[in-house]
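1. Task: produce atomic coordinates for the following.
(one chain, ligands or ions: 2)
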Amino acid sequence: MAVRETWATRIGFILAAVGSAVGLGNVWRFPFLTAESGGAAFLVAYLVLVLLIGLPVMLVEFVVGRRTKHNVVGAFEELGGSNWRLVGGLGAFAGFVILSYYSVVGGWVIQYLIASVTGAYTANPEAYFGSASVGMNAVLFDALFMAFVVGIVALGVRDGIERAAKFMIPGVVLLLIGLAAYGSTLPGADDGYAFYLSPDTSTIVTDAVGLLPDAAGQAFFTLSLGMGVMITYSSYLGEDRNLLSDGLIILVADTSIALLSGLVVFPFLFAMGVDPGDGGPGTVFVSLAGAFAELPAGRVVGAVFFLMLFLAALTSAFSIMEVVVAFVTETFDVDRKPATVGLGVVIFLVGVPTALDLAILDVYDVLANQVLLIGGGLLLAIFGGWVYSAGALEEFTTGMTGGDRLGTAWIWFLRVPVVLVLAFVLYNGFGATAEVVRAAFL
Ligand code: PHE
Ligand code: NA
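-> Ligands and ions are numbered 1, 2, ... in the order given. Okay, the predicted model is just below:
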């Protein structure tokens, strides 16, 4: 078996992990979920969950990855034995499901990038979305997006993923800031900010509790948690560093980009008098493209926006691909290049149904967020808190000074509150999945 790679630099690891976290979840899903679910109440639930549930689970992933320096399946097997191997397998399975539809939406983004330049959606944004999102175009551009993912991941951890993240992530940040600045100059932008940020304080607490399942699903999705991305990425860490500070950097970066995305999306919509829509995957593209089409410099703004979204989606897709590539190359002793190409084809095929029917895309999305990632998170919390707690604590404090008390608090936090909240959310997720399955097939 080939020698395992490591990240070239600390900043390389952090940028790759931020690259995984920052994606369609921040720019596409977060603003509209927030708007659809009552604005600030959702924001509060989301922020609390990111910090109190997301961070502890992320730390379990870091500990498991750095400790074992294995792929998801090998890592769980080494620390937990053959039963826990299955949990690693669940993570790899989640990777297939998520990347298969993530790349379909990635394909929409490429079409919108091209259409911004040619002006193809200007005349009728609604009709354009219809032809871009379902059918032959969706399938072809899904394949194109996957070709980019395969092309980069096949180059390896350092030469592919780390190198790409080093220029793509700064690019995403700069383009987003530029868009937010431009958006703030539009007349009517203030209405957009108000819609996005003003809470109904009288009901905020009860609203936030009801929004828990959605907010938890979004917290896990946005931080790339629950399927072994952070296990895989931290398995390439060479030196022992402070995992808590790395985790906090990733969390703050992801959250800032999500908040910033709202400050881009809503001013544009309100300035152009476009209805923000009901939050579905389609309305995002339809309404934003509609707003861009109305602007004098709309083509340029649209191209910048969709280029930014393309780069953000790519770096997330790399990380999902890396989970399955690491698993397959290390388990079956295949070389990286053929494994990446073969897996790319399989994942593409798994995603074809979602490129043919939006209701099926919805099934994949809800199943992934509310069942697979949350279930994975629950199992990670049980593993770190109960099954492997002594080893987890030891690994957590390696690379930091002190940290024993903090570590003990972390373990207890995993044991009870994190497990309870995730169990509740998972229970809810089964119901939500049944509902979208019924909507798609019955
Ligand atoms: N975090 C990514 C986003 O916000 C999505 C993702 C989920 C990536 C799960 C990897 C694993 O878009
Ligand atoms: Na994210």
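2. For the rest of this, base every contact and every neighbour count on C-alpha atoms.
-> Fine.
3. From the chain's centroid, how far away is the helix or strand hosting I177?
-> Secondary-structure assignment from DSSP states H and E places I177 in helix 163-184. Relative to its parent chain, helix 163-184 has a centroid offset of 17 Å by CA atoms, centre = their mean, to the nearest Å.
4. For it, give the mean pLDDT please.
-> Throughout helix 163-184, pLDDT has a mean value of 96.
5. can you tell if that helix touches ligand 1?
-> No: judged by CA under 6 Å from any ligand atom, helix 163-184 stays clear of ligand 1, getting no closer than 12.8 Å.
6. Could you list the buried residues of the next helix or strand after that helix?
-> Using DSSP H and E, the helix or strand that follows helix 163-184 towards the C-terminus is helix 189-197. Using 16 or more other CA atoms under 10 Å as the test for burial, helix 189-197 gives 189-193, 195-197.
7. Show me what the helix holding I177 is packed against.
-> helix 10-21, helix 243-271, helix 298-332 (3 or more CA pairs under 8 Å, 6 or more residues apart in numbering; DSSP states H and E).
8. 6 Å - rerun?
-> When contacts are defined as 3 or more CA pairs under 6 Å, 6 or more residues apart in numbering; DSSP states H and E, helix 163-184 packs onto helix 243-271.
9. quick one: the next helix or strand after the helix it packs on near ligand 1?
-> Toward the C-terminus, helix 243-271 is succeeded by helix 281-294 as the next helix or strand (DSSP H and E). No: Helix 281-294 does not reach ligand 1 (CA under 6 Å from any ligand atom); its nearest approach is 13.3 Å.
10. mind checking how far helix 281-294 is from the chain centre?
-> The chain centre lies 21 Å from the centre of helix 281-294; the measure is CA atoms, centre = their mean.
11. Give me the helices and strands touching it, please.
-> Against helix 281-294 (3+ CA pairs under 6 Å, 6+ apart) you get helix 125-133.
12. Which strands or helices does the helix it packs on pack on?
-> So helix 125-133, by 3+ CA pairs under 6 Å, 6+ apart, packs with helix 281-294.
13. Residues touching stretch 415-433, excluding its own?
-> Contacts to stretch 415-433, defined as CA atoms under 6 Å, 6 or more residues apart in numbering, come from residues 53, 213, 366-367, 370-371, 378, 385.
14. Just checking, which of these comes out lowest on pLDDT?
-> Scoring the contacts of stretch 415-433 by pLDDT puts P213 last, at 85.
15. What helix or strand is it located in?
-> helix 212-222.
16. Centre of the chain to whichever helix or strand comes after that helix, how far?
-> Following helix 212-222 in sequence order, the next helix or strand is helix 229-234 (DSSP H and E). The chain centre lies 14 Å from the centre of helix 229-234; the measure is CA atoms, centre = their mean.
17. ok, now stretch 228-235?
-> For stretch 228-235, the distance to the chain centre is 14 Å (CA atoms, centre = their mean).
18. Report the rounded mean pLDDT for it.
-> On average, the pLDDT along stretch 228-235 is 98.
19. quick one: buried residues of that stretch?
-> Along stretch 228-235, these residues count as buried under the neighbour rule (16+ other CA under 10 Å): 228-235.
20. from these, which single one is nearest L90?
-> G228 (9.3 Å; CA to CA).
21. and that closest one, what are its phi and psi?
-> phi 100, psi 10 (degrees, to the nearest 10).
22. for it, what are its contacts?
-> 72, 91.
23. swap in the one 4 residues further on?
-> When contacts are counted by CA under 6 Å, 6+ apart, T232 is found next to 65, 71, 323.
24. nearest spatial neighbour of it, skipping sequence neighbours?
-> Sequence neighbours aside, N71 is the residue nearest to T232 in space, at 5.5 Å (criterion: CA to CA, 6 or more residues apart in numbering).
25. Widest-spaced pair of the contacts of stretch 415-433?
-> V366 and G385 (26.8 Å).
26. mind listing what's buried in the helix holding I177?
-> Those buried within helix 163-184 under the rule 16+ other CA under 10 Å are 163-166, 168-169, 172-173, 175-177, 179-180, 183-184.
27. Need the max-distance pair from those residues.
-> Largest pairwise distance in those, by CA to CA, is 32.8 Å, between R163 and S184.
28. In this structure, which residue sits nearest ligand 2?
-> T222 (3.1 Å; CA to the ion).
29. The residue lying closest to that residue once chain neighbours are set aside: what secondary structure?
-> In space, and not counting its chain neighbours, T222 is closest to G25: 5.2 Å by CA to CA, 6+ apart. Applying DSSP: H, G, I helix; E, B strand; the rest coil to G25 yields a three-state assignment of helix.
30. burial count for G25?
-> 24 (other CA atoms under 10 Å).
31. Which of the helices and strands in this protein ranks last by mean pLDDT?
-> One helix or strand of the chain scores below all others by mean pLDDT, DSSP states H and E: helix 204-210, with a mean of 68.
32. Farthest-apart pair in the buried residues of helix 189-197, please.
-> Using CA to CA, the two most remote members of these are A189 and L197, lying 12.4 Å apart.
33. tell me which residues in the strand or helix carrying V341 are buried?
-> Assigned by DSSP H and E, V341 falls within helix 336-356. The neighbour-count check on helix 336-356 (16+ other CA under 10 Å) flags 336-337, 339-341, 343-345, 347-348, 350-356 as buried.
34. How about stretch 70-78?
-> 70-77.
35. which one among those residues gets closest to A409?
-> F76 (23.2 Å).
36. quick one: the closest one from A392, how far?
-> 13 Å (CA to CA, to the nearest Å).
37. again with R67
-> 9 Å.
38. swap in S37?
-> Counting by CA to CA, the gap from S37 to A392 is 36 Å.
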